[in-house]
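> 3D model of this:
(one chain, ligands or ions: 1)
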Amino acid sequence: MLNLSNEKDSRLSAEDFGANFIWGVSTAAYQIEGAHNIHDKGKSIWDVFSSKKGNIYQNQNGTVACDFYYRYKEDILLMKSMGIKNFRFSLSWSRLLPSGVGKPSKEGIQYYNDIIDFCLECGITPWITLYHWDLPQVLEDQGGWVNRKILEWFKEYAVLCAQSFGDRVKNWMVLNEPMVFTGAGYFLGVHAPGKKGLKHFLPSVHHAVLCQAIGGRVLREMVSKANIGTTFSCSQITPNSQKKKDISAAKRADTMLNRLFIEPSLGMGYPLGDIPVLKKIKELAEPEDEQNSIFEFDFIGVQNYTREIVKHSFWVPYLKAKIVKATKRNVKITLMDWEVYPPSLYNMIAQFSAYPKVKKVIVTENGAAFNDAVVDSKIKDVERIAYLEDYLKEVKRAKENGLKVEGYFVWTFTDNFEWAEGYYPKFGLVHVDFKTQKRKIKDSGFWYSRFITSS
Ligand code: BGC
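You can find the predicted model right below:
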């Protein structure tokens, strides 16, 4: 008896989150669209980066990806059949502005108009991310995020998007995870455009911080009744031990991974105290920059997958901190080698909600890649269901404890191109056979569908 009632108590229902809680799925242009050179589309840094040998797992690329460009109706209809009411997708800058700036592409604009109109026809609310990592290559050829001119380029792009789609789209996110595209793309060189070192990283950080606010201001001015956010990657950081050195290493990692981009936007300036080298950002800043980095977002998109255990390391330049790999810790991991650690989501919602100026938090990405088992042609992805359920319990706990969380988007709808890891890690609620492009709802997709429609 006791067992049964316990089970019932812990069962999750969408009702627990309140009637206004937003449920959706998230995607990004380069990961799904394909049609990389249709009409006048320009190349993006991801087209170029993934065409170079050795950059991507098995030298794969997003040339076709999920063929969403041609199959968007099929996918949106599938969403509709699953009761998904909110669809987050990004716009491809080089599809809309083939030369990065200047003459817009008629076909590019038409394509996103068609998607938006079809979503609305299906009763699905579009949530647009302006920038999910696919900078036009022509702009990268002039320095990309390292060149201060990005402030003008980005503004022009944001104006075009607001002008073209703002009459029907009210929910916007300016950037997707600036820490990842600057860190992986301009410091480590493992993502496009493959640049390395501080001389690329620091200016790209500073310009991304400014563009975050520029995009916000453009949308505020041009889109009536806009709900404007921006998104951040974040992970709970736990020190490897209670040694002072590990505790300060964890603090530095937290500053770098979780605080660097949000704090300037809240008017707190850069969190420079813990990591001396960050002070060099000041040398790049013009007098008005601190003020111009501020924007009052309506919501902050928290994107969490895992936590990191961090210890002091003399050998890691600047940060002097090192991540203890989950693969060495004897914990449950996903195909990305990320630890499954649901409380991390609660703790990140708490950390972001704790800033008095953050009005609300929406979990704009959470999900997992596993080896999905196929049994009798059904996709029995029990691990993903367990992952989603356990992380959602943490969102529920956050809500019950009065934290300002008001929505949740699964990463992601269909299996897709997972950046440097190619097509190997599969995060989708829907399986894609990349040879035939056939879609098949996984058990997790049925589960999510039942869950969000149950209230
Ligand atoms: C990104 C997605 C990515 C996902 C899983 C996030 O960092 O926004 O584009 O596919 O995590 O790695």
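
> give me the beta-bridge partners of residue 227?
Bridge pairing for residue 227 (DSSP bridges) gives the partners residue 171.

> neighbours around it, how many?
18 (other CB atoms under 10 Å). Placement of C-beta: from N, CA and C, glycine included.

> cool, and residue 358?
Residue 358: 18 neighbours (other CB under 10 Å).

> Excluding chain neighbours, what is closest to it?
Once flanking residues are discounted, residue 358 sits nearest to residue 300: 5.3 Å by CB to CB, 6 or more residues apart in numbering.

> cool, and residue 211?
Going by CB to CB, 6+ apart, residue 211 has residue 154 as its nearest residue, at 4.4 Å.

> Can I take it that that neighbour is in a strand?
No - going by DSSP: H, G, I helix; E, B strand; the rest coil, the assignment for residue 154 is helix, not a strand.

> That one and the ligand, how far apart?
Look at residue 154 and the ligand: by CB to the nearest ligand atom, to the nearest Å, they are 18 Å apart.

> And for residue 261?
Look at residue 261 and the ligand: by CB to the nearest ligand atom, they are 14 Å apart.

> Now do the contacts for the closest residue to that residue other than its chain neighbours.
Closest residue to residue 261 apart from its sequence neighbours, by CB to CB, 6+ apart: residue 178 at 4.9 Å. By CB atoms under 8 Å, 6 or more residues apart in numbering, residue 178 lies in contact with 205, 208, 209, 212, 232, 261.

> Show the average pLDDT along stretch 204-222.
Taken as a whole, stretch 204-222 carries a mean pLDDT of 98.

> same thing with stretch 89-98?
Stretch 89-98 shows an average pLDDT of 99 in the prediction.

> chain center to that stretch, what's the gap?
Put simply, stretch 89-98 sits 16 Å off its chain's centre (CA atoms, centre = their mean, to the nearest Å).

> what does that stretch rub up against?
With contact meaning CB under 8 Å, 6+ apart, stretch 89-98 is reached by 26-30, 32-33, 40-44, 47, 100, 103-105, 108-109, 111-112, 115, 126-132, 134-137, 156-157, 160-161, 164, 176.

> could you measure the residue sitting nearest the centre point of the chain against the ligand, distance?
Centroid-nearest residue in the chain: residue 176, 4.8 Å away (criterion: CA atoms, centre = their mean). Going from residue 176 to the ligand by CB to the nearest ligand atom gives 5 Å.

> Spit out the contact partners of that residue.
For residue 176, the contact set (CB under 8 Å, 6+ apart) comprises 28, 90, 129, 131, 132, 133, 231, 303.

> Now do the same for the residue nearest to residue 211: its pLDDT.
99.

> For residue 279, which non-adjacent residue is closest in space?
residue 272 (5.3 Å).

> Please state the offset of stretch 297-306 from the chain centre?
On CA atoms, centre = their mean, the centre of stretch 297-306 falls 8 Å from the chain's centre.

> what mean pLDDT does it have?
Per-residue scores along stretch 297-306 average to 99.

> Then stretch 76-84?
98.

> packing partners for the helix ranked longest in the chain?
Counting by DSSP state H, the longest helix found in the chain is helix 198-222. Here helix 198-222 is seen to pack against strand 125-131, helix 150-165, strand 171-175, helix 178-186, strand 227-233, helix 262-265, helix 280-284, helix 289-292 when contacts are counted using 3 or more CB pairs under 8 Å, 6 or more residues apart in numbering; DSSP states H and E.

> Identify, out of those, the most deeply packed stretch.
Scoring these by mean neighbour count under mean count of other CB atoms under 10 Å gives strand 171-175 as the most buried, with a mean of 26.

> Going by distance to the ligand, which of the contacts of residue 176 wins?
residue 28 (4.8 Å; CB to the nearest ligand atom).

> What is the burial count for the residue nearest to that closest one when sequence neighbours are not counted?
Using CB to CB, 6+ apart and skipping the chain neighbours, the partner closest in space to residue 28 is residue 132 (3.8 Å). By other CB under 10 Å, the residues close to residue 132 number 25.

> what does the one 10 residues further on give?
Neighbour count for residue 142, taken as other CB under 10 Å: 12.

> Run through the residues that contact the residue nearest to residue 203 when sequence neighbours are not counted.
Excluding its sequence neighbours, the residue lying closest to residue 203 (CB to CB, 6+ apart) is residue 146, at 4.7 Å. Residue 146 sits next to 186, 195, 199, 200, 203, 204, 207 when contact means CB under 8 Å, 6+ apart.

> Check residue 23 too.
Applying CB under 8 Å, 6+ apart, the residues near residue 23 are 14, 84, 85, 86, 407, 408, 409, 452.

> Repeat the analysis, applying 10 Å as the threshold.
Shown in contact with residue 23 (CB atoms under 10 Å, 6 or more residues apart in numbering): 14, 17, 83-86, 407-410, 448, 451-453, 455.

> Are any of those buried, and if so which?
Buried by 16 or more other CB atoms under 10 Å: 14, 17, 84, 85, 86, 407, 408, 409, 410, 448, 451, 452, out of the contacts of residue 23.

> Could you work out the most separated pair of those residues?
Farthest pair in the buried ones among the contacts of residue 23 (CB to CB) is 17 and 84. Separation: 15.3 Å.

> Could you list the low-pLDDT ranges of the protein?
1-10, 455 (pLDDT under 70).

> For it, what lies in contact range of the ligand?
Residues of the chain lying close to the ligand by CB under 6 Å from any ligand atom are 28, 31, 176, 177, 180, 233, 303, 365, 411, 418.

> quick check, nearest of those to residue 57?
For the residues of the chain next to the ligand, the nearest to residue 57 is residue 418 (8.4 Å; CB to CB).

> quick one: the closest one and residue 57 touch, right?
Yes - counting by CB atoms under 10 Å, residue 57 is a contact partner of residue 418 at 8.4 Å.

> more neighbours, the two?
Between residue 418 and residue 57, counted using other CB under 10 Å, the more crowded position is residue 418 (20 against 13).

> so who does that one touch?
31, 56, 57, 60, 335, 336, 369, 412, 424, 425, 426, 427.
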